[in-house]
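Novice: just coords:
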């Protein structure tokens, strides 16, 4: 099946620095990618929808100036946590939407998730 | 709006016990339904899915049937193992939009 990778898988940084997380679709083109955040022992919270070649759409309550999203190509979206603080420590997960052709002339529309990136801000 | 409700955990079972994790949903249209599993310290893995009513998804001994009449997608396994200990997320996807996740149910299996 389709694969989505994230890099790095974990990162530790000092407070005040910026961290970039990459999300790649490895064997399909994704016009739409999604970024989620997961707090310990909680469910996934959608942060933003990333559309190739256009601005990301942020969910209510998510600071767009703090979480910069760039979807520069059909296989890559990046999330940059700017001026990170300890409260930004979390597990960040991306997903990519694969819209393709299925057998019989139909189409498929599936989301594939990356393995996640654990961010720790000291 | 679309939503997913899962039974609260944690669920603690002995090895070889029968597992059921309830999941119900509210959605407009005809969503696809999923179960994801997250092992400690790892990302999400797709466990199984069903894309239309009466479909049964199955994988690794787990099963779930898409019940439109009861808007449910309960996860079952006949005999759990210690290695099944993880958090299980029920989710729905209406195509083109965000995946809606349930709160997650933590499963502990004791030897």
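Specialist: Cool, the structure landed. Just so you know, these numbers come straight off a predicted model, no measurement behind them.

Novice: I'd like the next helix or strand past the helix or strand of chain A with the lowest mean pLDDT.
Specialist: None of the helices or strands of chain A scores lower by mean pLDDT, DSSP states H and E than strand A:107-113, at a mean of 75. Counting by DSSP states H and E, the next helix or strand C-terminal to strand A:107-113 is strand A:117-121.

Novice: mind listing what's buried in that following strand?
Specialist: Buried residues in strand A:117-121, counted by 16 or more other Cβ atoms under 10 Å in any protein chain shown: A:117, A:118, A:119, A:121. (Glycine included, C-beta is placed from N, CA and C.)

Novice: These: which ones sit near chain B?
Specialist: residue A:118 (Cβ under 8 Å from any Cβ of the partner chain).

Novice: Dump the buried residues of strand A:117-121 to CSV, plus pLDDT.
Specialist: Below are these laid out as CSV (pLDDT from 0 to 100):
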residue, pLDDT
A:117, 94
A:118, 93
A:119, 96
A:121, 96
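
Novice: Relative to chain B, which of the buried residues of strand A:117-121 is nearest.
Specialist: Looking at those and their distance to chain B, the nearest is residue A:118, at 7.8 Å (Cβ to the nearest Cβ).

Novice: residue contacts, the closest residue in space to the closest one that isn't next to it in sequence?
Specialist: Nearest residue to residue A:118, sequence neighbours excluded (Cβ to Cβ, 6 or more residues apart in numbering or on different chains): residue A:10, at 4.3 Å. The contact partners of residue A:10, by Cβ atoms under 8 Å, 6 or more residues apart in numbering or on different chains, come to A:117, A:118, A:119, A:120.

Novice: for residue A:69, same thing?
Specialist: Residue A:69 sits next to A:35, A:48, A:50, A:56, A:77, A:78, A:79, A:80 when contact means Cβ under 8 Å, 6+ apart.

Novice: Quickly find the element holding the third one.
Specialist: Remark: residue A:50 resides in strand A:44-51, with elements defined by DSSP H and E.

Novice: ok, now how distant is residue A:44 from residue B:82?
Specialist: 25 Å (Cβ to Cβ, to the nearest Å).

Novice: neighbour-wise, which of these two wins?
Specialist: Under the criterion of other Cβ atoms under 10 Å in any protein chain shown, the comparison of residue A:44 against residue B:82 puts residue A:44 first, with 28 against 11.

Novice: now that one, which residues is it bridged with?
Specialist: residue A:38 (DSSP bridges).

Novice: Hmm, it is touching residue A:36, no?
Specialist: Yes - between residue A:44 and residue A:36 there is a contact under Cβ atoms under 8 Å: 4.2 Å.

Novice: on that earlier part again, return the per-residue confidence for the residue nearest to residue A:118.
Specialist: On pLDDT, residue A:10 comes in at 94.
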